[in-house]
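**Q** what's the 3D shape of this:
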Amino acid sequence: MPKTNDAALDAFIAAKTEIDAMLARLVAHSADHFGYSPEEVNWGSVGTLEHYRARLREITDMAFREGEHAA
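**A** Next up, the predicted model:
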C-alpha cells in the first residue's frame, strides 16, 4: 500500500493559509502607509520600515534563491 502524505499536506496548507493572511494584512497596512501620516514620518519610522524591508528581503531571497541564497 503506498504511503500517503495527508498529514504533511494538511500542515502545508495550514502554513500557506497563515502566510496568505499575513501577506494580505501587510498589503493593507502598506496601503495605509504603515499607519503613518506624512506629518508623523521621522527617522524612527524609516528605521522601522527598513527593518520590515530587510526581513522581507530575506524571505524573498530564500523563496526565489536570490542574494545570499542564490544557487
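
**Q** what does the one helix or strand residue 51 maps to rub up against?
**A** Assigned by DSSP states H and E, residue 51 belongs to helix 43-64. Defining contact as C-beta atoms under 8 Å, 6 or more residues apart in numbering, one finds that helix 43-64 is touched by 34, 36, 66-70. Where C-beta positions appear, they are placed from N, C-alpha and C, glycine not excepted.

**Q** Let's see that with 7 Å instead.
**A** With C-beta atoms under 7 Å, 6 or more residues apart in numbering as the test, helix 43-64 has contacts from 34, 36, 66-69.

**Q** Return the distance of it from the chain's centre.
**A** On the basis of C-alpha atoms, centre = their mean, to the nearest Å, helix 43-64 sits 9 Å off its chain's mean C-alpha point.

**Q** Check stretch 63-71 too.
**A** In terms of C-alpha atoms, centre = their mean, the centre of stretch 63-71 is found 16 Å from the chain centre.

**Q** For it, measure first residue to last.
**A** 12 Å (C-alpha to C-alpha, to the nearest Å).

**Q** Now it: buried residues?
**A** Of all the residues in stretch 63-71, not one is buried under the rule 16 or more other C-beta atoms under 10 Å.

**Q** before we move on, the earlier item: can you give me the buried ones in the helix holding residue 51?
**A** Under 16+ other C-beta under 10 Å, helix 43-64 has no buried positions.

**Q** hang on, the earlier thing: take the contacts of helix 43-64 and lay them out in a markdown table including pLDDT, secondary structure and distance to residue 57.
**A** Below are the contacts of helix 43-64 laid out as a markdown table (pLDDT from 0 to 100; DSSP: H, G, I helix; E, B strand; the rest coil; distance: C-beta to C-beta, whole Å):
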| residue | pLDDT | secondary structure | distance to residue 57 |
| --- | --- | --- | --- |
| 34 | 97 | helix | 16 |
| 36 | 96 | coil | 20 |
| 66 | 96 | coil | 9 |
| 67 | 92 | helix | 7 |
| 68 | 90 | helix | 10 |
| 69 | 92 | helix | 11 |
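
**Q** Cheers, nothing more for now.
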